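In: Fold the following and give me the result.
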Amino acid sequence: MSSLEYLGNRPFSFYPPILNLENNEWFFRRASRAEILVMNSRSKEEIWIPRRFLGEISLIEDPVVIVGLVKELEYRAGAVWPHQRRVIEMPLAVGERARTLPPPGDALAPVIGIRTPSVTDSRMGKLVGFTILVGFVASVVAVNVLRQVSFKPRLVYSAGEQQYLDLTADDDYDAIVRKLGLPAEDHWRSETATEFRSLWYPQRGCFVILRGSARSDARYIGTMNASWNPIHWVPLRGGGSTESTLRGLNKF
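Out: Here you go, the predicted structure:
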């Protein structure tokens, strides 16, 4: 399962933004082995992003989740490509010829007297150069510290926090408790010929959902995050999955 699937239907932005696109707000659609499909929130256009271009993900919304890109990308011809900055050669003015070095043996240009810099000028130049160097080093250190604070700590997951990935459609309440422990809260909700059960695990930040025709036969159908967005679901025997059921289920 792609790490972006854990976002559910929350919007996110790429950094750096993809060039040639005005809006930088996206939604995850689906994933393949080598690519992920995302949809632009404004234009509704869907594009595939190769996984090799994906970097780190910040899970703290400030104001949206940030998905890092390892290369600067640009959008053209319906796809994304690595952006290449080209050096533009300035055209020659009318009547001007390209300048070339004189061949060996040609007469040298006359020597023009140059004033030798004084001791004061030399010291001032060294001071300016040292100031520029210190400023550059300080900027590099600040950028590295900010990058580590913004991304890496937010990507730390323990194996225990994702144990819901081991749950299956055959797991009932007792099986879930054996795998995840006792929930902090346990709620039931009755609908037409259907019973739903919600188990709240605050230490994992998720709700585990069960469903059954009666309370005695309720089985696992998926997991919601703390914002009540689906982050895990199970396949149905007749095809499809329980994702649509979870998205249509109001919080209880």
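In: what stretches of this structure score poorly on pLDDT?
Out: Scanning the chain for pLDDT under 70 picks out the ranges 1-3, 59-62, 87-122, 145, 147-161.
In: Tell me which stretches of it form helices.
Out: Along the chain, counting by DSSP state H, helices occupy 119-150, 173-180, 243-247.
In: which of those sits most buried?
Out: helix 243-247 (a mean of 17; mean count of other C-beta atoms under 10 Å). For glycine as for every other residue, the C-beta is placed from the backbone atoms N, C-alpha and C.
In: Out of the helices of the chain, which is closest to residue 33?
Out: Judged by C-beta to C-beta, the one of the helices of the chain that comes nearest to residue 33 is helix 243-247, at 19.8 Å.
In: In PDB, list the C-alpha atoms belonging to the closest one.
Out: Extracted as PDB, the C-alpha positions of helix 243-247 are listed here (Å, rounded to 0.1, in the frame of the first residue of the first chain):
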ATOM      1  CA  GLU A 243     -13.800   1.800   1.200                       C
ATOM      2  CA  SER A 244     -17.100   3.300   0.000                       C
ATOM      3  CA  THR A 245     -18.900   2.100   3.100                       C
ATOM      4  CA  LEU A 246     -16.400   3.700   5.300                       C
ATOM      5  CA  ARG A 247     -16.500   7.000   3.400                       C
END
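In: Please list the residues outside that helix that contact it.
Out: 9, 209, 211, 221, 222, 224, 230, 233 (C-beta atoms under 8 Å, 6 or more residues apart in numbering).
In: re earlier: looking at the helices of the chain, which is closest to residue 13?
Out: That would be helix 119-150 among those, by C-beta to C-beta, at 12.9 Å.
In: ok, residue 14 to residue 204 distance?
Out: 28 Å (C-beta to C-beta, to the nearest Å).
In: what does residue 234 give?
Out: On the measure of C-beta to C-beta, residue 234 and residue 204 end up 18 Å apart.
In: cool, residue 79 as well?
Out: Distance from residue 79 to residue 204, counting by C-beta to C-beta: 38 Å.
In: neighbour-wise, which of those two wins?
Out: A direct count of neighbours by other C-beta atoms under 10 Å for residue 79 and residue 204 places residue 204 higher, at 20 against 12.
In: mind checking the backbone torsions on that one?
Out: Backbone geometry at residue 204, expressed as degrees, to the nearest 10, gives phi -100, psi -10.
In: Residue 181 is in contact with that one, correct?
Out: No - taking contacts as C-beta atoms under 8 Å, residue 204 lies outside contact range of residue 181: 9.3 Å.
In: got the residue ranges for the strands in the stretch 151-252 of the chain?
Out: With DSSP state E, counting those that start in this stretch, the ranges of strands along the stretch 151-252 of the chain come out as 185-191, 194-201, 206-212, 219-225, 230-233.
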